[in-house]
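*Asks:* What follows is a predicted structure for the sequence shown.
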Amino acid sequence: MKILLTSIGTRGDMEPFLAIGEILQKRGHEIICLFPEQFRSLAEDSGFRFASLGSEFIEMLEGPVGTKVMGGGKLSFSKLKAYIQLAKMQKDINKEMILKQEKVIEEEQPDRIVHNGKVMYPVVWGMKHPGQRIMVSPVPYLHYVKDHSHLAFNRNFGPFINKLTYDLANFGLIKTISGSLKWLAQPKQLSTKAIKHALFSERVIYTISPTLFKRPEYWNENIQVLGYHERQKTSHWKPSKELDAFMAKHEKILLVTFGSMINTNPVEKTKVFLTILQENKIPAIINTASGGLIQPAIYNTDFLHFVDRIPYDYIFPKLYGVIHHGGSGTTHTAVKYGCASMIIPHIIDQYVWNKIIHKKGLGPLGIDVSEITVKNLEDKIIDLYSNPDYKQMAEKLGKEIQNEAFSDELCNAIES
């Protein structure tokens, strides 16, 4: 088959699709990735064809307004202002992206489209091609769960109000799709009833480990939880001699990483971690990645080592624990390789993973990135590093995740 994978978001939103693509490619399918331009090399390195959604979306997120929104923090006047500004900026970008989705999809005429919830046009396309569209979500709580509100609300208000939060979110999604129809090169008139039916009758795959999120028994059969899937990332990467030397010097190491997340004050955030780690003589590797953390000119090289990129599947099996932003992929990878974890959430689903990790006994409850200080973070890092219960539970659940085998079910759900 010709299978088109399409996703919008940061790198963490691309990784699940790349992993799925590698599994499908091994079964002989032709894979096309329709992603923002910044992720071209990721797709092409895996041997996939690439079609671009443009670079503007990621540039918007990495700009000052996007940084303000993604940098965590409670809803203040300045934060609300940034959300409004981002929404205005995003309108024109969304219009261009949906036109690109329409163009590529109509030209390629794929046998299947696998997409995330931020990509709109596949829903419209799927109405003419029933059974050929599959939505994939690496995060929970997009479909009704009795004891938890919709992902966007991140609370348990009780079953009745929880249900209302899903209804409200679904209403917004339907209105967004309906409103975007006028932008298409070939405008379409579709009723909200038809769009709603299309959204909830087609297949949905949660690429989440049931060890971390168990599928509710009352869900419809078209919604499945089919495990975490990880692609190999170390094929074109080798550790430096300095990293090897640092690893050999210490037996019990933490990794601090914010992945693709950015914030408004990375220098100050880095200083908080450095102060705690150095004063408590805790060996740590700090991954500066997309700039959420910054390598200073002076630091204690006996206990700290900085990297600007490191494959998680290489380093996680060698670590004691991880302090991270709480993306779905990073969260799963940390548990899979038996790492004690603490999450410093920045946006939406990361607050959910923070609660899940703590509830599962895998680490202390983390703190919003905008609120971290030496005073309120030091005891939590010491707890993460010194409490053996977290590590033992991580190793136990990690074995469960490693023993999961959902690849055939995943492929069958897409191919059938």
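*Replies:* It's in.
*Asks:* count of residues packed around residue 332?
*Replies:* Neighbours of residue 332 under the rule other Cβ atoms under 10 Å: 25. In short, each C-beta sits where N, CA and C put it, glycine included.
*Asks:* helix, strand or coil for it?
*Replies:* When classified by DSSP: H, G, I helix; E, B strand; the rest coil, residue 332 comes out as helix.
*Asks:* Can you tell me the closest non-neighbouring residue to it?
*Replies:* Using Cβ to Cβ, 6 or more residues apart in numbering and skipping the chain neighbours, the partner closest in space to residue 332 is residue 228 (4.1 Å).
*Asks:* In contact with the one you found, which residues?
*Replies:* Counting by Cβ atoms under 8 Å, 6 or more residues apart in numbering, residue 228 touches 207, 208, 209, 329, 332, 336, 401, 404.
*Asks:* what about residue 334, distance to residue 397?
*Replies:* 10 Å (Cβ to Cβ, to the nearest Å).
*Asks:* same question, residue 67
*Replies:* Plainly put, residue 67 is 34 Å away from residue 397 if you go by Cβ to Cβ.
*Asks:* ok, and the helix or strand in the chain with the lowest average confidence?
*Replies:* helix 64-70 (a mean of 76; mean pLDDT, DSSP states H and E).
*Asks:* Could you pull out the strands in the stretch 201-350 of the chain for me?
*Replies:* 203-206, 223-225, 254-257, 284-287, 304-307, 321-324, 340-343 (DSSP state E, counting those that start in this stretch).
*Asks:* With respect to residue 121, which of those lies nearest?
*Replies:* The closest of the strands of the stretch 201-350 of the chain to residue 121 is strand 203-206. By Cβ to Cβ, the value is 17.2 Å.
*Asks:* Need the CA coordinates for that closest one. PDB is fine.
*Replies:* Below are the C-alpha coordinates for strand 203-206, written out as PDB (Å, rounded to 0.1, in the frame of the first residue of the first chain):
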ATOM      1  CA  ARG A 203     -10.300   4.000  13.800                       C
ATOM      2  CA  VAL A 204      -8.200   5.600  16.500                       C
ATOM      3  CA  ILE A 205      -5.000   4.100  17.800                       C
ATOM      4  CA  TYR A 206      -3.400   5.300  21.000                       C
END
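*Asks:* Quick one: mean pLDDT for it?
*Replies:* If you average the pLDDT over strand 203-206, you get 97.
*Asks:* Can you give the contact residues for it?
*Replies:* Contact with strand 203-206 is made by 133-138, 140, 142-143, 213, 215, 222-226, 410, 413-414, as judged by Cβ under 8 Å, 6+ apart.
*Asks:* Filter these down to the buried ones, PyMOL style.
*Replies:* Entered in PyMOL, the line below selects the buried ones among the contacts of strand 203-206, by 16 or more other Cβ atoms under 10 Å:
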select buried, resi 133+134+135+136+137+138+140+142+143+213+215+223+224+225+226+410+413+414
